[in-house]
Structure formats: structure tokens, C-alpha cells
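Engineer: could you look at this predicted model? Sequence included:
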Amino acid sequence: MLELKETNHSYYCQEGNYYTNGEAYKHMSWHEFKKYMCLGENGEFHDHDYNHVFRFDIIEVNPEVEKTHGKYVLRLFYMLQRKARNLSHDIYNIKEEDMEEINLFLKSCWEYLKGQWEEFSEIES
């Protein structure tokens, strides 16, 4: 299961959208994010065709804002495929008790992503 610690991905992905202002959304909790995105428990109402998560990062929050934003932020990077529009969601105050649900949500994103590359999935060892 995914642990609540900083990820170490090979290259950063800029939050928001370079070409359009206002495409970086902020949520103060996992619950607030789920409500905003109209997600059920474990993200079962997430429509990956319209809201495709292509990357996530868990980042340690700047200690100066840790008191109000928690120790970690979960950053989700989306591609809205019908509009070829990318955006991001920062979810603050991530807690250990959120991790099981976040893990299930991210696994559903991973399964969708693998389906987009299924021609290569047969090659996996």
C-alpha cells in the first residue's frame, strides 16, 4: 500500500496549466476534494474518460504553512481528454487514515492508465 511519505519521481510536473490561469485547484482535505469532484467512497464515481489522472506526487509542505496545511500535500495531475486541457489539484492535510482510500483511488487511475497502453501490457515481464 502507498505510504504517506514524499514521493521521489524522476522529474517534476508543473501544477496548473502553463497556458491558462486558474487551472491549479486547492483543497484543504481529502474529504473536501472528494466532495468537489463528486466522488463516492474510494472514488467509484470517478469518470477516468473525462478526468484522467496521469500523475501524482506527495510532497512535504513548507514548514511555515504546515500548521494550517498539514505535513503533506497530495498533488494530482489531470488531463481532461475531451478538451485536451491539463490541470492539477492540491489536496492538503492528508492523514494516515486517508491513505487506504487514496490508495484505492490511485489504483483505479493506474488501471485506467494501463488500459490506455494495453498493446504494451502483453510485453510486461
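Structural biologist: The structure has been received and is ready for your questions. Since the model is a prediction, treat every value here as computed from it, not as a measurement.
Engineer: all contacts plus neighbour counts: C-alpha atoms, from now on.
Structural biologist: Will do.
Engineer: quick check: phi and psi on F105?
Structural biologist: The phi/psi pair for F105 (degrees, to the nearest 10) reads phi -60, psi -50.
Engineer: go on, F54?
Structural biologist: The phi/psi pair for F54 (degrees, to the nearest 10) is phi -100, psi -10.
Engineer: got a list of what it touches?
Structural biologist: Applying Cα atoms under 8 Å, 6 or more residues apart in numbering, one finds that F54 lies in contact with F77, Y78, M79, C109, L113.
Engineer: number of residues surrounding L106?
Structural biologist: Counted with other Cα atoms under 10 Å, residues neighbouring L106 total 19.
Engineer: three-state assignment of the nearest residue to F77 once chain neighbours are set aside?
Structural biologist: Ranked by Cα to Cα, 6 or more residues apart in numbering and with sequence neighbours excluded, the top spatial neighbour of F77 is S88, at 4.5 Å. When classified by DSSP: H, G, I helix; E, B strand; the rest coil, S88 comes out as strand.
Engineer: beta-bridge partners for S88, please?
Structural biologist: A24, F77 (DSSP bridges).
Engineer: for M79, see how far away it is.
Structural biologist: Distance check for S88 against M79: by Cα to Cα, to the nearest Å, it reads 9 Å.
Engineer: for these two, indicate the residue with more neighbours.
Structural biologist: S88 (23 against 19).
Engineer: all helices of this structure, in order?
Structural biologist: 30-36, 66-69, 99-116, 118-121 (DSSP state H).
Engineer: in a markdown table: the ones you listed, plus mean pLDDT and distance to L2.
Structural biologist: A markdown table is the format used below for those (pLDDT from 0 to 100; distance: least, Cα to Cα, whole Å):
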| stretch | mean pLDDT | distance to L2 |
| --- | --- | --- |
| helix 30-36 | 94 | 15 |
| helix 66-69 | 89 | 20 |
| helix 99-116 | 93 | 6 |
| helix 118-121 | 82 | 22 |
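Engineer: right, and these - which one's nearest N51?
Structural biologist: Of all those, helix 99-116 sits nearest to N51, with 9.6 Å by Cα to Cα.
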